[in-house]
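Undergrad: sequence and computational prediction follow.
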Amino acid sequence: MVVVGGSLVMLAGMPAIAIDEAPLAEPATATPQGMATPTPYRAPLRKHVERVKPRAETREAFLIEPDPLAPVTRTLTWLSELLRSPTTKQPLDLLPELVFVGQHASRVADGVQGLVSVRYEVEAGSVLWDDEHAGFGSVRANFRGVQDIGEPAGTDLSANLGAQNVNAVWVPYRVALRNWWWWLSSPDRHWRADVGKIDPTNYFDLNAIANVEETQFLSGGLVNNPAIPFPDDGIGLHLRWHEEPYAVRAAVLDANATPTTIGFESLAQGRLLGLGEFTMRPEFELGGRYHAGNYRFIAWGTNNKDATGVGGAVSFDQSIPPGIVPFFRFGYAEQSAVNPRTLPFHWFVSGGVGTRPPQRDDDLIAIGASLGESVVDVPGRQGTIEIFWRVQVTESVQVSPDLQLAWQPATGGGPVVLPALRVRWSYGGAPKSIVTVQ
């Protein structure tokens, strides 16, 4: 079962697909071998998507059992239980992850055509208080880095194509303290605040099928909307009010932030990005199946050092019979805000559909397409079509064959063909969850 936003999306003959945020009444249920049943706050807090059902309910979904890496899972569980919060005694949230991506382009504008990289990441968090009077409080941190295999550090296949991002898993640094933040919630969980060095894409422009590069699409144009000038992880404040079927978010962020700094270095410049989002979550029942969706409306304004302007975006994802989830995004930026560094697209549109194959509860098959007007390198329209199948091989390992067709002005001619293979290991095997409503 996948839970998000107080909404379950029931697919015909399949479990639900997550959409946006998970309610308090639906805590994470992933119980890997040797792992204690988690508390309602054990779920990872990064980008959204599916949460794995209890092991007994997904046994048929694993190609290899038992998991050869089960001893690693048990060791991490032991460590998590050992490093408990000094105040609540809840286990430490310890969430390591490794992602390998191999890609090859049929042609490039410059540089290498193929690249194999591994991204390593660990998030840790401790619940400091959690009661019916004081609400909920947690402090968290995230470290991330990348290693290109067989190539000089910083080799970027997307840059070699002169293209929009064709591998959103890749990051331009060896290791960095990516995020650190406080997470606070009111006792009734209707209000939430996050303050610190935060990633705005953890809260805005979410999507059930196209949101997480580690488990869904690789193309950056299908992970988030490039017509929104999301800054790199930096100092900011995010606020959220939630009362089903509505949610309202707002944030103020350092528009010139860089992920490799502590976060305060550029804050004094006074260059900010303001974001607001309103979400509706309609739901209906048809043919004995429950269906739900998310419809988002985003407005933003920025005065970063490269350009100043405003813009907006809309998006949706909606479960429909016979068990598929179509999605759509559109974003528009005022011309004065467009610049090569932080906002390379004047407008951008993307969409597609995802589903689960029969008897493969933890797999995901999806196809998506995107098109935008770019000002990067050789200006012009850039488009991508991508299809992938994420296969849950063991409880902790996913393998995803992926294929992109990219149309880029810099390379000219017909589409660039980019086959890829992504392999992901994560603690317990549960795909990344999202910012939960707690």
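TA: Thanks, I have the structure now. Numbers count the residues shown, from 1 in each chain.
Undergrad: which secondary structure element is home to Phe297?
TA: Assessed by DSSP states H and E, Phe297 sits inside strand 289-302.
Undergrad: and the angle from the next helix or strand after that strand to strand 289-302?
TA: Heading C-terminal from strand 289-302, the first helix or strand you meet, by DSSP H and E, is strand 309-318. If you take axes from the mean of the first three to the mean of the last three C-alpha atoms, to 10 degrees, strand 309-318 sits at 170 degrees to strand 289-302.
Undergrad: could you export strand 309-318 as PDB, CA atoms only?
TA: Presented in PDB, the C-alpha positions along strand 309-318 are these (Å, rounded to 0.1, in the frame of the first residue of the first chain):
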ATOM      1  CA  GLY A 309      10.800  38.300 -11.800                       C
ATOM      2  CA  VAL A 310       7.700  36.200 -11.100                       C
ATOM      3  CA  GLY A 311       6.100  33.100 -12.400                       C
ATOM      4  CA  GLY A 312       3.600  30.300 -11.800                       C
ATOM      5  CA  ALA A 313       2.900  26.600 -12.300                       C
ATOM      6  CA  VAL A 314       0.100  24.100 -12.200                       C
ATOM      7  CA  SER A 315       0.300  20.300 -11.900                       C
ATOM      8  CA  PHE A 316      -1.800  17.200 -11.100                       C
ATOM      9  CA  ASP A 317      -1.600  13.500 -10.700                       C
ATOM     10  CA  GLN A 318      -4.900  11.500 -10.600                       C
END
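Undergrad: name the helices or strands packed onto that strand?
TA: For strand 309-318, the packing partners by 3 or more C-beta pairs under 8 Å, 6 or more residues apart in numbering; DSSP states H and E come out as strand 289-302, strand 324-333. No exception for glycine: its C-beta is placed from N, CA and C like everyone else's.
Undergrad: any idea how far the first one is from the chain center?
TA: So the one you mean is strand 289-302. The chain centroid and the centroid of strand 289-302 are separated by 15 Å, computed with C-alpha atoms, centre = their mean, to the nearest Å.
Undergrad: can you list the strands that that strand pairs with?
TA: Here strand 289-302 has these sheet partners by DSSP bridges: strand 272-280 (antiparallel), strand 283-286 (antiparallel), strand 309-318 (antiparallel).
Undergrad: name the residues of that strand that come out as buried.
TA: Of the residues in strand 289-302, those buried by neighbour count under the rule 16 or more other C-beta atoms under 10 Å are 289, 291-296, 298, 300-302.
Undergrad: about what we covered before: looking at the strands paired with strand 289-302, which is closest to Ser106?
TA: strand 309-318 (30.8 Å; C-beta to C-beta).
Undergrad: what's the closest of the helices and strands packed on strand 309-318 to Asn142?
TA: strand 289-302 (23.6 Å).
Undergrad: quick check: angle from the closest one to strand 324-333?
TA: 10 degrees.
Undergrad: any idea of the mean pLDDT in strand 289-302?
TA: For strand 289-302, mean pLDDT rounds to 91.
Undergrad: any chance you could map the strands in the stretch 151-300 of the chain?
TA: Under the criterion DSSP state E, counting those that start in this stretch, strands of the stretch 151-300 of the chain are mapped to 176-185, 191-198, 234-243, 246-254, 272-280, 283-286, 289-302.
Undergrad: what pairs with the second one, and is each one parallel or antiparallel?
TA: Partner strands for strand 191-198, per DSSP bridges, with pairing direction: strand 176-185 (antiparallel), strand 234-243 (antiparallel).
Undergrad: OK, contacts around the nearest residue to Val166 once chain neighbours are set aside?
TA: Spatially, and ignoring its direct neighbours in sequence, Val166 is nearest to Ser158 (5.0 Å; C-beta to C-beta, 6 or more residues apart in numbering). Neighbour list for Ser158: 164-167, 170, 220 [criterion: C-beta atoms under 8 Å, 6 or more residues apart in numbering].
Undergrad: which one of those residues is nearest to Leu418?
TA: Of all those, Leu418 sits closest to Val166, with 5.8 Å by C-beta to C-beta.
Undergrad: look up how far Gln382 lies from the closest one.
TA: Val166 sits 10 Å away from Gln382, taking C-beta to C-beta, to the nearest Å as the criterion.
Undergrad: any shared contact partners between those two?
TA: Ala406.
Undergrad: and Glu277, how many neighbours does it have?
TA: 21 (other C-beta atoms under 10 Å).
Undergrad: partners of the nearest residue to Leu253 once chain neighbours are set aside in the sheet?
TA: Counting by C-beta to C-beta, 6+ apart, Leu253 lies nearest to Gly236, which is 3.5 Å off, once chain neighbours are set aside. Beta-bridge pairing of Gly236 under DSSP bridges involves Gly196, Leu253.
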